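Participant: after the sequence you'll find the predicted model.
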Amino acid sequence: MWKKTSAALIGGCLLSISLTLNLNYLLPLSVDALLMLGMLLAFPVWGALMVWCYSSSDGMQAWKRCSGLMTLSLALNTVLFFSQA
Amino acid sequence: MNKEFVKRNTEAHGWLGLIISGLLFVVFFTGAISFFREEVQLWATSAHIESISLEGQEIIPVSQILEIAIAGRDFNAREHLTIYPPSHLEPYYTAYVDLVDRGGGEKVDALLIHPVSGDIIGDPNDFYLSSFLYIVHYSLNIPFGSYLIGFVALFFLFSIFSGVLIHAADFVKGFFRYRADGRKRSQLLDLHNIIGVISLPYTLMFAVTGLIFNLVIIYQIAFGVILYKGDLDALLTDAGFVTVTPEWQDEPWSNPPVDELYQQSIDTWGGVPSQMRVYNYGDSSAVLEFYGPVEDEFAGQFGVAYNVSDRSEVFSENRNDPNAVSAGLDVVATLHYGSFGGLGLRFLYLILAMGVCALIVTGNLLWVGAREKTMSSAKLNFVGRFTLASTAGVAVATIFAFIAERLLPIGGYDRASYLSYAFVIALVSASSYIWLAADRRKVLVRLLQVFTGACFFLLFVDLVLYPSNLMQYVKNGFFAPVGVDVGILVSAVLGAYVSIKLQGRLSSISNKEKNNFAPEFPETVN
């Protein structure tokens, strides 16, 4: 349970930041609307990722799930960051 | 739904729900009372400050109130002078005067000012109860408590999501199911599910808005570092936050149009400012800032600041194209505080908050029930006592804080701290009793009796010591103090009813035990 919790808290937090950052880069909205949208979506996304982590068979699987999705999301973050710099 | 998925989430739902249950109960219980924060504040002042009628009376303009507030004080004009005008719930001007720092840190004088005579009639900080309960609600009144409560809200959000998924297959069919004739565990489960489903939009809203209030700093830092490359000021500007920092000119102002600008803000936005702040008071660089509700708008809040010298605007909300973050946060706050639907909505919020308290207690009882055969009795005993301390103990501590607010004398000492001590001492005493007593069933009944007795004692104090004050408030159109007393009376009657019922069950159980019958009342608390 502790390993799942660490994945849910740390992995979930980092992933939610990364995913909402991608939305921020991709959606054609004004900057204030993007900030508000990020703030509103980030916590439900984190909560949903927690459910995903706790439904894993063990802590290792929870971390693997987070890491897999994090790799994809971070790659997109990097591409968008440098393409919009 | 995959069985393993449901099983694992049920396990996490139970454990995490149990871990956060104590703090979550505190949050919802004190939060429920905080929906009536202004009413409780007026109830507190009603015993010590006489009511006044504002009908047909000429109220002193804000420019004079500013002068009254700083007269004879070591006022630091380069800091702020903040005024809260009278409202339908607070008949006085409240002023906060920043004093010159003579070592020992910044100090602020807080004043209640009579709106007709201009007399200083008290210190708002002396009446700490409503603020204390509100602070406990969002931060437990401890350092870093707001982050702790933020994480409680996060686990609460997880519990809501996992609860919906666990219950999803039975969501529609089981919505109205309550097996009154079923086993005790079935009854608890049905109660837990029914309350959970009915309060779902409410709990979801509270979890998300609470998280935005307490943990948004995580995303603020992340967005600031990545999107704004560390320029947090730029992030705050984009989010619509404006900081007023006028430069001191060392030239006295002449004919400052304070009252005209106050009226101008009312005329422009249609609502009386709930807060007015003056920067660089008395200097030609002075700025007047107003915040308040916009009339006839859902979650409408205005903010505007004027340069006193030439009446130009320093900043103003753009009514036609408001900043999405500041407007969005106004909506978040309005939803969270239930300030958009009047008194009726706040009562609905109160009932739902009490429903969530019941959701927490039934959840803990279900957790215990599910492990009665597999877990040691010492552990289950601990959970039972923990549940009692964090629910009945908190209720008893809260009513003792009310008693302290009523009975502590005014002036000459740190009254607010003593009120906090009363809450803590009552909570520690109740918890000690819960931990030391042999029979948890009796403990619950005794705590309910103490709660009921304390409620009746409070009413007795109000009726005997302050009847004329209360009547005067009613006569002048301020019903809040009597309304709070009615709330205390309802709590007392409910507490008496439940304790009498439980006492009856206890007696019948002990009679059966004397006659060598097996006990029907389980050791778990209900």
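Facilitator: On my side now, so go ahead.
Participant: which ones are touching the nearest residue to B:Glu58 once chain neighbours are set aside?
Facilitator: If the residues on either side of it in the chain are set aside, B:Glu58 comes closest to B:Val116, at 7.0 Å by Cβ to Cβ, 6 or more residues apart in numbering or on different chains. Every C-beta, even on glycine, is put in place using the N, C-alpha and C of the backbone. By Cβ atoms under 8 Å, 6 or more residues apart in numbering or on different chains, the contact list for B:Val116 reads B:52, B:54, B:57-60.
Participant: relative to chain A, which of those residues is nearest.
Facilitator: Closest to chain A out of the contacts of B:Val116 is B:Ile59 (37.9 Å), distances taken as Cβ to the nearest Cβ.
Participant: figure out the helix or strand that the closest one lives in.
Facilitator: Under DSSP states H and E, no helix or strand contains B:Ile59.
Participant: nearest residue to it other than its sequence neighbours?
Facilitator: Nearest to B:Ile59 is B:Pro115, by Cβ to Cβ, 6+ apart, at 4.7 Å.
Participant: what about the one you found, distance to B:Tyr219?
Facilitator: Between B:Pro115 and B:Tyr219 the computed distance is 42 Å (Cβ to Cβ, to the nearest Å).
Participant: point out where chain A drops to low pLDDT.
Facilitator: For chain A, applying pLDDT under 70 flags the ranges A:85.
Participant: near chain B, which residues of it are found?
Facilitator: Chain A comes close to chain B at residues A:1, A:4, A:8, A:13, A:17, A:20-21, A:24, A:30-33, A:35-36, A:38-40, A:42-44, A:46-48, A:50-51, A:54-57, A:81, as judged by Cβ under 8 Å from any Cβ of the partner chain.
Participant: now list the buried members of those.
Facilitator: A:4, A:8, A:13, A:17, A:20-21, A:24, A:31-32, A:35-36, A:38-40, A:42-44, A:46-47, A:50-51, A:54-56 (16 or more other Cβ atoms under 10 Å in any protein chain shown).
Participant: which of these fall in helices?
Facilitator: Residues from those lying in helices, with DSSP state H as the criterion: A:4, A:13, A:17, A:20-21, A:24, A:31-32, A:35-36, A:38-40, A:42-44, A:46-47, A:50-51, A:54.
Participant: and B:Gln275, bridged to which residues?
Facilitator: Beta-bridge partners for B:Gln275, by DSSP bridges, are B:Tyr291.
Participant: still on that earlier bit, the residue nearest to B:Ile59 contacts B:Pro61, doesn't it?
Facilitator: No. At 10.1 Å, B:Pro115 does not count as touching B:Pro61 under the criterion of Cβ atoms under 8 Å.
Participant: the more surrounded of the two?
Facilitator: Neighbours were counted for B:Pro115 and for B:Pro61 using other Cβ atoms under 10 Å in any protein chain shown; B:Pro115 has more, 18 against 12.
Participant: so what's that one up against?
Facilitator: Each residue near B:Pro115 by Cβ under 8 Å, 6+ apart is listed here: B:52, B:54, B:57, B:59-60, B:86, B:91-93.
Participant: selecting buried members of these in ChimeraX, what would you type?
Facilitator: Buried residues among those (16+ other Cβ under 10 Å), as a ChimeraX selection:
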select /B:52,54,60,86,91,92,93
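Participant: in TSV, list the contacts of B:Pro115 along with pLDDT.
Facilitator: Output for the contacts of B:Pro115, formatted as TSV (pLDDT from 0 to 100):
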residue	pLDDT
B:Ile52	81
B:Leu54	76
B:Gln57	81
B:Ile59	89
B:Ile60	92
B:Pro86	90
B:Pro91	87
B:Tyr92	90
B:Tyr93	93
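Participant: got the angle for the helix or strand containing B:Ala333 vs helix A:31-54?
Facilitator: Element membership for B:Ala333, per DSSP H and E: helix B:324-337. Orientation of helix B:324-337 against helix A:31-54 (axes from the mean of the first three to the mean of the last three Cα atoms, to 10 degrees) gives an angle of 50 degrees.
Participant: ok, helix B:324-337 near chain A or not?
Facilitator: Yes. For a cut-off given as Cβ under 8 Å from any Cβ, helix B:324-337 has contacts with chain A, namely B:324-325, B:328.
Participant: contacting residues around that helix?
Facilitator: Taking Cβ under 8 Å, 6+ apart as the rule, helix B:324-337 contacts A:30, A:32-33, A:35-36, A:39-40, B:35, B:205-206, B:209-210, B:212-213, B:238-241, B:298-301, B:303, B:317, B:339-340.
Participant: quick check: buried residues in it?
Facilitator: Those would be B:324-332, B:334-336, for helix B:324-337 by 16+ other Cβ under 10 Å.
Participant: cool, stretch A:15-29 as well?
Facilitator: Across stretch A:15-29, burial judged by 16+ other Cβ under 10 Å covers A:15-22, A:24-25.
Participant: dump the contacts of B:Val116 to CSV, plus distance to B:Tyr418.
Facilitator: CSV is the format used below for the contacts of B:Val116 (distance: Cβ to Cβ, whole Å):
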residue, distance to B:Tyr418
B:Ile52, 28
B:Leu54, 32
B:Gln57, 35
B:Glu58, 38
B:Ile59, 34
B:Ile60, 33
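Participant: backbone phi and psi for B:Arg277, please?
Facilitator: Main-chain torsions, B:Arg277, degrees, to the nearest 10: phi -130, psi 140.
Participant: residue contacts, it?
Facilitator: B:Arg277 makes contact with B:80-83, B:288-289, according to Cβ under 8 Å, 6+ apart.
Participant: hmm, try it at 7 Å
Facilitator: B:Arg277 is in contact with B:80, B:82, B:289, counting by Cβ atoms under 7 Å, 6 or more residues apart in numbering or on different chains.
Participant: what parts of chain B come near chain A?
Facilitator: B:5, B:8-9, B:12, B:15, B:154, B:157-158, B:161-162, B:165, B:208, B:211-212, B:216, B:218-219, B:222-223, B:226-227, B:238-240, B:323-325, B:328 (Cβ under 7 Å from any Cβ of the partner chain).
Participant: out of those, list just those in helices.
Facilitator: Going by DSSP H, the helices hold B:5, B:8-9, B:12, B:15, B:154, B:157-158, B:161-162, B:165, B:208, B:211-212, B:216, B:218-219, B:222-223, B:226, B:238, B:324-325, B:328 from the residues of chain B next to chain A.
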